[in-house]
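# based on what follows, work out the 3D shape:
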Amino acid sequence: MSLADIHARAERFQSRVRRRNLMEYAGAAIVIAGFTWAAFTTADIIVRAACVLIMLGTLCVVWNLATVARASAKTDETMSWVDFHRGELVRQRDALNGIWRWYLGPLVPGWTLIWIGIGLPPPTIPPVWGNMGAAALGFAIGMGVFIGIAALNKWGAKRLQAEIDALDRARGG
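Numbers count the residues shown, from 1 in each chain. As a prediction, this is how the structure comes out:
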């Protein structure tokens, strides 16, 4: 791999990370807007609290995305493009491997509480087992989506590791 190839790969990688993050920020804005509306329109206090937790979790995800998984620019002129690119690959790989801690984890409390709120009947009517079953199914489907997201991120981390390994082999170390 030539230095020009490494430079081009690093630029493309940083561009992909920026594009991914912009899509995540847009998605977070939609989530926050939707759950803000839901929090103000629902009468159920548990669902309202869950909406607030989801909004806070989403803000935590956005903060983590901006700090843990951001795209970086090469500012250290003494650092080679190979070292910069490898460092960024490692940082993104580690972020993908830690997806439960910084991305999915902050959303789990709100996600869990919203399904509890949906499943519990109001105190004025007797339990409706259908509501609880539907809530359990909704929770399970959502957790399945979370697990799928985590699996896709683990797969992405393995791909980044393969690229790191190839880069190490190319530079002889």
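# show me the shaky parts of the protein.
The chain contains residues with pLDDT under 70 at 1, 121-130, 173.
# scan it for its longest helix.
helix 129-170 (DSSP state H).
# other SSEs contacting it?
Helix 129-170 sits against helix 81-97, helix 99, helix 108-119, with contacts defined as 3 or more CB pairs under 8 Å, 6 or more residues apart in numbering; DSSP states H and E. To be clear about C-beta, it is placed using only N, CA and C from the backbone, and glycine gets the same treatment.
# just the buried residues of the longest one, please?
If you call a residue buried by 16 or more other CB atoms under 10 Å, then helix 81-97 has these buried ones: 81-82, 84-89, 91-93, 95-97.
# what helices and strands are in contact with that helix?
Looks like helix 81-97 contacts helix 3-41, helix 129-170 (3+ CB pairs under 8 Å, 6+ apart).
# the shortest one vs helix 108-119, what angle?
This means helix 3-41. Helix 3-41 and helix 108-119 are oriented at 30 degrees to each other (axes from the mean of the first three to the mean of the last three CA atoms, to 10 degrees).
# what sits against the most centrally placed residue in the chain?
When the chain is reduced to its mean C-alpha position, the closest residue under CA atoms, centre = their mean turns out to be Tyr103, at 3.8 Å. Tyr103 is in contact with Val61, Asn64, Leu65, Ile149, Asn153, counting by CB atoms under 8 Å, 6 or more residues apart in numbering.
# measure the residue nearest to Glu163 when sequence neighbours are not counted to Ile6 for me?
Counting by CB to CB, 6 or more residues apart in numbering, Glu163 lies nearest to Leu89, which is 5.8 Å off, once chain neighbours are set aside. Distance, Leu89 to Ile6, by CB to CB, to the nearest Å: 11 Å.
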